[in-house]
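Engineer: Take this sequence and fold it.
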Amino acid sequence: MKELSRNVTQGIERAPNRSLFYALGYTKEELDRPLIGVVCSYNEIVPGHMNLDKIAEAVKAGVRAAGGTPVEFPAIAVCDGIAMGHVGMKYSLITRDLIADSTEAMAIAHQFDGLVMIPNCDKNVPGLLMAAARLNIPAIFCSGGPMLAGRLNDGRRTCLSHMFEAVGGYYAGKLDEAGVADYEENACPTCGSCSGMYTANSMNCLTEAIGMALRGNGTIPAVWSARLRLAKHAGMKIMELVQRDIRPRDIMTEAAFHNAETVDMALGCSTNTMLHLPAIAHECGIELDLDMSNEISSKTPNLCHLAPAGDTYMEDLEGAGGVYAVMKELTKRNLLDTSLITCTGKTVAENLEGVENRNPELIRPIENPYSQDGGIAVLKGNLAPEGCVVKRSAVAPEMMVHTGPAKVFDCEEDAISAIYAGKIVAGDVVVIRYEGPKGGPGMREMLNPTSAICGMGLGESVALITDGRFSGATRGASIGHVCPEAAQGGPIAFVEDGDTISIDIRSCSISLEVDEAVLKERKAKWVCPEPRIKTGYAARYAKLVTSAARGAVLE
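Structural biologist: Sure, this is the predicted structure:
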């Protein structure tokens, strides 16, 4: 591979370019080596990113040790937890494309030979994966690592999803202010991406499964020194990828995406992966069909129940052998393509040599899974002709099949007010609409209402359906990404209070029990509400974004 950096460092005609590198303090010797962009998402507002400056320093040490010159530049990141429950959440998903676009601009403008991506949280990981696919220059990922689980004053372990549910418990009279404070002060004890199998950790685990990160990237805790050693090795490894000209699209093939979806189903990852994997694949020139997810799920046993589906955490998964141990179980039924090249320079099969499942209670052996099908299901029916998604592994058994009357809300705020006011009762189906990619705009996460439902003791009797999406911390019969969304005139726009909705997660079906003639009458009278945001980036995003069924990519 010809070094791209020669376009800015070599030859008499590049003397002006070199003079600016000299202004930065670089030496001629450094400019004679490959230039490696270190894309660091460090900031002081996201707990998962407050340690990334240390990760970047370790990565740069690894690059130098292997003969390259590291050059750091930033990427933005939003904390979904801090953005939750207000207008700020409209600006979460849309940062994914800002991150991809800005990284593309920086990498091409400065002609880096390779990239080490240092993300950690929810939209930051897929945004940088999209950029890596789009740029297709050698790249490797080294994330900041997960947060340790918290401990309440009585010694019980806890996490962010418990914190959100504690608020619902307070409104239900099950918890006093001191009880809420116990969670508030102890749920998030360290830096790192929040400690359950939420979106950030799901995506960081899938960087391993798809072959773009070294072993342990998804599971080594942020506060462990092993994370710094991993970062140094990532810095060293990018030099090998540059020398061997191994590029992201050599790694992220269609088969690799199917591997990632299979691991996704086995781990019980966040439903947001159903947005991000298609968007990343789109940048690779690959179109992932939601129907393929059900096909993969139908033959992939669910092997893990980490929080919010269970009471184990990312540090426990690391102790059990991590993502590679889950992949090793899947190879027992030949569910993965192990011939694929990865960022290690080796194949999946070579990476998995000698790997053991060190805790069969946490990572169930494939012959004794939690369920014979995967952790995520795509439902279809007349309410969601293009599909909707649910984290099946986090649904109570009694809610796998449910029929009930609709309680309809045109925004998250109205729904949460009704839930806290006790207006939602056992058997109801809460419908929140006009929160999709266009209608939001930005497709907000609904962790507040789902946590309120669970915290108030209704998680085994109330379902929630939305054209918005859910945090990976959500549990219960929470069905999101309803497509087409309400703002596009999808059937969810025509649901009225009291309509009967039938959900059968086992059969992957969802139905609005209203006569088609009645729905046609409602559609004829429907007028799409005015956009909630009419200026700025969110307004431009709403004009360009596609359906959630396509990954909410921009066109």
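Engineer: going forward, measure contacts between C-alpha atoms and count neighbours the same way
Structural biologist: OK.
Engineer: give me phi/psi at residue 99?
Structural biologist: phi -60, psi -50 (degrees, to the nearest 10).
Engineer: got it, and residue 241?
Structural biologist: When read as degrees, to the nearest 10, the backbone of residue 241 gives phi -60, psi -40.
Engineer: number of nearby residues for the closest residue in space to it that isn't next to it in sequence?
Structural biologist: Counting by C-alpha to C-alpha, 6 or more residues apart in numbering, residue 138 is the residue found nearest to residue 241 once chain neighbours are left out, at 5.9 Å. Residues near residue 138, counting by other C-alpha atoms under 10 Å, number 27.
Engineer: doesn't residue 246 make contact with residue 138?
Structural biologist: Yes - using C-alpha atoms under 8 Å, residue 138 is in contact with residue 246, at 5.9 Å.
Engineer: quick one on the thing from earlier: which residues touch the residue nearest to residue 241?
Structural biologist: Contacts for residue 138 were tallied using C-alpha atoms under 8 Å, 6 or more residues apart in numbering; they are 113, 114, 115, 238, 241, 242, 245, 246, 247, 248.
Engineer: ok, the second one to residue 71 distance?
Structural biologist: Going back to what we said before, that points to residue 114. Distance, residue 114 to residue 71, using C-alpha to C-alpha, to the nearest Å: 10 Å.
Engineer: Strands along the stretch 51-200 of the chain, start to end?
Structural biologist: Here the stretch 51-200 of the chain has its strands, by DSSP state E, counting those that start in this stretch, at 69-74, 114-118, 139-141, 150-151, 157-158.
Engineer: and residue 335, which of those strands is closest to it?
Structural biologist: Taking C-alpha to C-alpha, strand 139-141 is the member of the strands of the stretch 51-200 of the chain nearest to residue 335, at 24.4 Å.
Engineer: Please identify the buried residues of the closest one?
Structural biologist: For strand 139-141, burial by neighbour count (16 or more other C-alpha atoms under 10 Å) applies to 139, 140, 141.
Engineer: Now pLDDT and distance to residue 48 too, for the residues you listed, in TSV please.
Structural biologist: Output for these, formatted as TSV (pLDDT from 0 to 100; distance: C-alpha to C-alpha, whole Å):
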residue	pLDDT	distance to residue 48
139	98	21
140	99	19
141	98	15
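Engineer: Include distance to residue 435 when you put the strands of the stretch 51-200 of the chain into a markdown table, please.
Structural biologist: Shown next, in a markdown table, are these (distance: least, C-alpha to C-alpha, whole Å):
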| stretch | distance to residue 435 |
| --- | --- |
| strand 69-74 | 30 |
| strand 114-118 | 30 |
| strand 139-141 | 32 |
| strand 150-151 | 32 |
| strand 157-158 | 30 |
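Engineer: Now do residue 544: how many residues are near it, please.
Structural biologist: Neighbours of residue 544 under the rule other C-alpha under 10 Å: 13.
Engineer: same deal with residue 2?
Structural biologist: For residue 2, the count of nearby residues is 10 (other C-alpha under 10 Å).
Engineer: check which helix or strand covers it.
Structural biologist: Using DSSP states H and E, residue 2 sits within no helix or strand.
Engineer: Okay then, goodbye and thanks.
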